[in-house]
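Visitor: predicted model follows, preceded by the sequence.
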Amino acid sequence: MSPTPLLDTVRIPADMRHFDAAQLRQLADELRAETIDAVSTTGGHLGAGLGVVELTTALHHVFNTPQDILIWDVGHQCYPHKILTGRRDRIRTLRMGGGLSGFTKRSESEYDPFGAAHASTSISAALGFCAARDQKGETNKVVAVIGDGSMSAGMAYEAMNNAAETTGQLTVILNDNDMSIAPPVGGMSAYLAKQVSGGAYQNFRRFGKKVAEHMPRPFRDAARKAEEYARGMVVGGTFFEELGFYYIGPVDGHDLDNLVPILRNAAAITDRPVVVHVVTQKGKGYAPAESSADKLHAVVKFDVVSGKQSKAISNAPSYTKVFGTELIKRAKVDPTIVAITAAMPSGTGLDLFGQAFPERTYDVGIAEQHAVTFAAGLAADGMKPVCAIYSTFLQRGYDQVVHDVAIQKLPVRFAMDRAGLVGSDGATHAGSFDIGYMGALPGMVLMAAADEADLAAMIATSLEIDDRPSAFRYPRGDGVGVEIPELAAPLEIGRGRIVREGTAVAILSLGTRLQESLKAADLLAAHGISATVADARFAKPLDGEMILRLAREHEAVITVEEGAMGGFGAFVLQFLAEQGALDAGLKIRTLHLPDIFQDQDSPAAMYAEAGLQADQIAAAAISALGLAGSRGAARA
């Protein structure tokens, strides 16, 4: 790694507030090198952080953090921020068990005033800090950094619409790293931004307002609009002005000589909220990331020189790839199939579908609410929409799932990727709750894939359902290596399968823990206990016939799911209670994710904490049967 003599002197932001322009540029270069080296050893989000190195340096130089509040939207660009705020000595523990979070986290540092891992929340949160400050009569500054992608979500505009009526000082940094709002900027744009943010212009503007106050109202309105629209035509701020913000930009986010004074000028504006439009390059300063912003957005460990990632070779395809591939097969013979994603085409596998059917693929941006209702409209007019959204992100569109889809019985198909634990991404990205929240909806068909072939069959099943909504969940990572039929046949709705026959205890698995359930049966067999293993496949409607058979023919039933309490196990208990099956003394245990938000760790460690490993499933069965499972052993 390159030497970092200046960065070595910076423990907290106060240590670099006296730096001159040359020192800030050197500090940014060293910060970028440190970020690259750290992420090469831990993996994590790389491109976004590299794009904001200069911006991070400038913000902590200009603003008096942590007294001044700095909120990062999403947070995957916060690694340079963490290095500058007292966490450099732990930066190589990123996303590991007991290490630093890959996102901002309140419990981790006073420099993280608000935790974030989902997009578009920063302005709302910042406005809350502004209102609290104003209520307390304090004078600290509040800054929110939000990307142009996050600005596609309605929540960001809801907050901006409210801001001008709620507070005076609020600085929103619009980090435009995709050229989606403005073209590349140069010296003239930086000059204009510096002028309109500076004191002379501000004083002239205030003088003009005072003069206008003594003029008839039509003249006042005309003068205000003329000033704002004239400036908007030059620097692109009309839209933000209409929301009540003062617009500054576009600004080159890598030019510290201009960025620092512009931020100082913005910080001095306290009579209305300000948007500073900063244009940055994702992956800036690291050639592999600059040339492949999508692939190096999130990385595993990699070689710094070449950028080559150390990805393990798998003999099985990822569930995400299986989803994309199977959907393409179906779409080739059914022109009514369309696909929707909310800014996650590669993450959900719809990039493959988009390459095959670009005119039938819709990426609506970070707008899950819109995605769901958009899909509902497509379904209402006879199309077959498949709405592919991570389980944790679908939570943001739940009201629309209820009102716009389920109540109207519209056949929208929800492909819920990343269902279950997600290792190093931690609690914010875990798909823990979808079994409960989707299974609560009348008429919903809810499936969970245990392997790749199951997933292929569930895709086929959902596309056959034309009178109500359906959803299927599948995990992050690779499949288990089973063979996938050339064209999978649809499943019978509400039917599970017996995978292994036994006599003493029944292990009823939903989804991803089927292989561990089979291993648990092997462990039980070593103790002389015969176990049946069943794959429920459907959380709704339940296979009541199979469940009652398991209850009648076994002394104990163990349900296993990679979801939160209140899900599949609760559904089975409710069903058995209604059927009177519990009155006969059936012993039952429900194994699910613990009632906590699990921090990031290795998958094995997280499953062990959740009690969902094979030995833990077997232990639950032995416990249910009695001290030694003697009766089960006798029946083996």
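Guide: Nice, I can see it. Numbers count the residues shown, from 1 in each chain.

Visitor: give me the longest helix you can find in this structure.
Guide: The residue-count maximum for a helix in the chain (DSSP state H) belongs to helix 21-42.

Visitor: counting by contacts, list what it packs against.
Guide: Contact here means 3 or more Cβ pairs under 8 Å, 6 or more residues apart in numbering; DSSP states H and E; on that basis helix 21-42 packs against helix 47-51, helix 53-62, helix 79-82, helix 256-267. The C-beta positions use only the backbone N, C-alpha and C, and glycine is treated the same way.

Visitor: pLDDT of that helix, averaged?
Guide: Model confidence over helix 21-42, given as mean pLDDT, is 95.

Visitor: thinking again about what came up before, now the helices and strands packed on helix 21-42 as JSON lines including mean pLDDT?
Guide: As requested, the helices and strands packed on helix 21-42 are exported to JSON lines (pLDDT from 0 to 100):
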{"stretch": "helix 47-51", "mean pLDDT": "90"}
{"stretch": "helix 53-62", "mean pLDDT": "98"}
{"stretch": "helix 79-82", "mean pLDDT": "96"}
{"stretch": "helix 256-267", "mean pLDDT": "96"}
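
Visitor: what pairs with the helix or strand that the longest helix of the chain is followed by, parallel or antiparallel?
Guide: Where DSSP states H and E defines the elements, the next helix or strand beyond helix 21-42 is strand 44-45. For strand 44-45, the pairing partners within the sheet under DSSP bridges are strand 298-299 (antiparallel).

Visitor: next, the buried residues of whatever helix or strand comes next after the partner strand.
Guide: Stepping forward along the backbone from strand 298-299, the first helix or strand reached (DSSP H and E) is helix 319-333. By neighbour count with 16 or more other Cβ atoms under 10 Å, helix 319-333 contains the buried residues Y319, T320, V322, F323, G324, T325, E326, L327, I328, K329, R330, A331.

Visitor: same check on stretch 406-414?
Guide: By 16+ other Cβ under 10 Å, the buried positions in stretch 406-414 come out as A406, L410, P411, V412, R413, F414.

Visitor: now do stretch 485-494
Guide: Of the residues in stretch 485-494, A488, L491, I493, G494 count as buried by neighbour count, 16+ other Cβ under 10 Å.

Visitor: just name the closest of those residues to A33, please.
Guide: A488 (49.1 Å; Cβ to Cβ).

Visitor: let me know whether S391 touches G431 as I believe.
Guide: Yes: applying Cβ atoms under 8 Å as the test, S391 and G431 come out as touching, 2.8 Å apart.

Visitor: quickly list the domain ranges of this protein.
Guide: By the assignment in automatic domain parsing, the chain contains the domains 7-299, 319-473, 497-635.

Visitor: buried deepest among the ones you listed, which one?
Guide: Comparing the domains of the chain by mean neighbour count (mean count of other Cβ atoms under 10 Å), domain 319-473 comes out on top with a mean of 21.

Visitor: state the mean pLDDT of it.
Guide: In this model, domain 319-473 has a mean pLDDT of 96.

Visitor: for stretch 141-159, same thing?
Guide: Rounded to a whole number, the mean pLDDT of stretch 141-159 is 90.

Visitor: span of it from start to end?
Guide: 17 Å (Cα to Cα, to the nearest Å).

Visitor: from the chain's centre, how far out does that stretch sit?
Guide: Average the C-alpha atoms of stretch 141-159, do the same for its chain, and the two points are 15 Å apart (Cα atoms, centre = their mean, to the nearest Å).

Visitor: and stretch 310-317, by the same measure?
Guide: Taking Cα atoms, centre = their mean, one finds the center of stretch 310-317 at 23 Å from the center of the full chain.

Visitor: what of stretch 417-426?
Guide: That offset, for stretch 417-426, works out to 10 Å (Cα atoms, centre = their mean).

Visitor: what do you get for stretch 75-90?
Guide: How far stretch 75-90 lies from its chain's middle: 20 Å, per Cα atoms, centre = their mean.

Visitor: also stretch 369-380?
Guide: Distance, stretch centre to chain centre, for stretch 369-380: 21 Å (Cα atoms, centre = their mean).

Visitor: list of residues touching that stretch?
Guide: Contacts of stretch 369-380 from elsewhere in the structure, counted by Cβ atoms under 8 Å, 6 or more residues apart in numbering, are 154, 338, 340-342, 362, 364, 385, 387, 389, 394, 396-397, 399-401, 404-405, 408, 410-412.

Visitor: just the residues you listed: which are in helices?
Guide: G154, L394, D399, Q400.

Visitor: isn't the second one up against F414?
Guide: Yes: in terms of Cβ under 8 Å, L394 counts as a neighbour of F414; the distance is 6.7 Å.

Visitor: in the stretch 451-600 of the chain, which spans are helices?
Guide: For the stretch 451-600 of the chain, helices defined by DSSP state H, counting those that start in this stretch occupy the ranges 452-464, 514-526, 544-553, 568-578.

Visitor: out of the ones you listed, which gets nearest to T167?
Guide: In this view, the helices of the stretch 451-600 of the chain are compared for proximity to T167 by Cβ to Cβ, and helix 568-578 is the closest at 43.7 Å.

Visitor: what's that closest one packed up against?
Guide: Under the contact definition 3+ Cβ pairs under 8 Å, 6+ apart, helix 568-578 sits against helix 434-439, strand 538-540, helix 544-553, strand 556-561, strand 587-591.

Visitor: confirm Q281 sits in a strand?
Guide: No: inclusion of Q281 in a strand is not indicated when DSSP: H, G, I helix; E, B strand; the rest coil is applied; the result is coil.

Visitor: any idea how far it is from M606?
Guide: With distances defined as Cβ to Cβ, to the nearest Å, the gap from Q281 to M606 amounts to 35 Å.

Visitor: do A536 as well
Guide: Look at A536 and M606: by Cβ to Cβ, they are 22 Å apart.

Visitor: can you check K284 too?
Guide: In this structure, K284 and M606 are 34 Å apart, going by Cβ to Cβ.

Visitor: just Q135 next, same as before
Guide: For Q135, the distance to M606 equals 40 Å [Cβ to Cβ].

Visitor: how about D451?
Guide: Remark: distance between D451 and M606 (Cβ to Cβ) = 20 Å.

Visitor: could you do T93 as well?
Guide: Noted for T93: a distance of 16 Å to M606, by Cβ to Cβ.

Visitor: got it, and L352?
Guide: Distance of L352 to M606, given as Cβ to Cβ: 29 Å.

Visitor: and what of V304?
Guide: 29 Å.

Visitor: that'll do, ta.
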